[in-house]
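# turn this into a model:
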Amino acid sequence: MKKIVGTLGIALLGGVIALMGYKLLLENSPISESNSTEDFLPMVKTNFVAPTINASSAPTDFTDAAESTVHAVVHVKNTSSRTQQDPLRFFFGGGGAREYKQVGTGSGVIISPDGYIITNNHVIEGASELEITLNNRKKLPAKVIGSDKDRDIALLKVDATYELPTILLEIQIM
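Coordinates of the predicted model:
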């Protein structure tokens with residue numbers, strides 16, 4: 001009993017000393033001597049001038065490109081099941097493993113009206129279930145047709161009852 005009281009006394013004394021040190025040394029000290037952001041954001045000056053094709057040309061308008069492609073871009077949701085060992089459950093009964101559902105997301109592009117979608121391999125890697133959300137918020141299950149881990153690309157397929165919007169894809173084979 002004497003050792004416990006002594007240990008608690010030392011812990012209490014250490015806490016009081018730490019609190020007093022904080023109050024005296026750190027509580028009122030300013031974090032920064034300057035109120036200006038100029039000290040923290042250096043300016044780099046260059047002589048770069050963006051090239052212009054025609055001096056009278058207007059800035060590029062991307063609204064047409066965005067409007068024509070937004071419906072072919074999809075949200076990819078993957079769900080995978082992971083098993084993790086729980087040491088407390090192992091020692092105190094109830095089994096040692098617990099299954100967790102892990103959800104990951106990414107994007108993809110519809111490349112054919114019959115439902116082929118290109119995405120990254122890391123988006124779908126290890127997934128036990130894939131779900132595609134179209135721009136109109138419709139959700140469709142997907143399956144992996146193929147993937148290439150080295151090039152980080154994957155091909156998915158969804159079955160839709162209607163023709164899906166696509167993006168024209170030009171592939172250059174080297």
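# list of residues touching stretch 108-122?
Stretch 108-122 is touched from outside by 72-76, 106-107, 123, 132, 140, 142, 145, 147-149, 151-160, 163-167, 169, with contacts defined as CB atoms under 8 Å, 6 or more residues apart in numbering. For the C-beta atoms, the positions are set from N, CA and C on the backbone; glycine is no exception.
# avg pLDDT for that stretch?
On average, the pLDDT along stretch 108-122 is 94.
# what of stretch 62-81?
Here the average pLDDT along stretch 62-81 is 89.
# how about it: buried residues?
69, 72-74, 76-78 (16 or more other CB atoms under 10 Å).
# now, these that are in helices?
Counting by DSSP state H, these place Thr69 in helices.
# would you list the buried residues of stretch 62-81 in TSV and tack on distance to Ala11?
Below are the buried residues of stretch 62-81 laid out as TSV (distance: CB to CB, whole Å):
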residue	distance to Ala11
Thr69	64
Ala72	64
Val73	59
Val74	58
Val76	53
Lys77	50
Asn78	49
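# select from the buried residues of stretch 62-81 every entry located in strands.
73-74, 76-78 (DSSP state E).
# make CSV out of the residues you listed and add distance to Ile111.
Formatted as CSV, these follow (distance: CB to CB, whole Å):
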residue, distance to Ile111
Val73, 11
Val74, 11
Val76, 14
Lys77, 19
Asn78, 19
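# count of residues packed around the nearest residue to His75 once chain neighbours are set aside?
Spatial nearest neighbour of His75, excluding adjacent residues (CB to CB, 6 or more residues apart in numbering): Thr133 at 4.1 Å. By other CB atoms under 10 Å, 15 other residues sit near Thr133.
# give me the beta-bridge partners of Thr133?
Beta-bridge pairing for Thr133 (DSSP bridges): His75, Lys139.
# returning to what we had before: just the buried residues of the contacts of stretch 108-122.
Of the contacts of stretch 108-122, these count as buried by 16+ other CB under 10 Å: 72-74, 76, 123, 132, 140, 142, 147, 154-158, 164-166.
# just the CA trace of stretch 141-154, in PDB.
Coordinates of each C-alpha in stretch 141-154 appear next as PDB, following Å, rounded to 0.1, in the frame of the first residue of the first chain:
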ATOM      1  CA  PRO A 141     -23.400  -3.800 -60.800                       C
ATOM      2  CA  ALA A 142     -20.200  -4.300 -62.700                       C
ATOM      3  CA  LYS A 143     -17.800  -7.200 -63.300                       C
ATOM      4  CA  VAL A 144     -14.100  -7.200 -64.100                       C
ATOM      5  CA  ILE A 145     -13.300  -8.300 -67.700                       C
ATOM      6  CA  GLY A 146      -9.600  -7.800 -67.400                       C
ATOM      7  CA  SER A 147      -6.900  -5.800 -65.700                       C
ATOM      8  CA  ASP A 148      -3.200  -5.000 -66.000                       C
ATOM      9  CA  LYS A 149      -1.400  -4.200 -62.700                       C
ATOM     10  CA  ASP A 150       1.800  -3.000 -64.400                       C
ATOM     11  CA  ARG A 151       0.000  -0.400 -66.500                       C
ATOM     12  CA  ASP A 152      -2.700   0.300 -63.800                       C
ATOM     13  CA  ILE A 153      -5.600  -0.200 -66.100                       C
ATOM     14  CA  ALA A 154      -8.800  -2.300 -65.900                       C
END
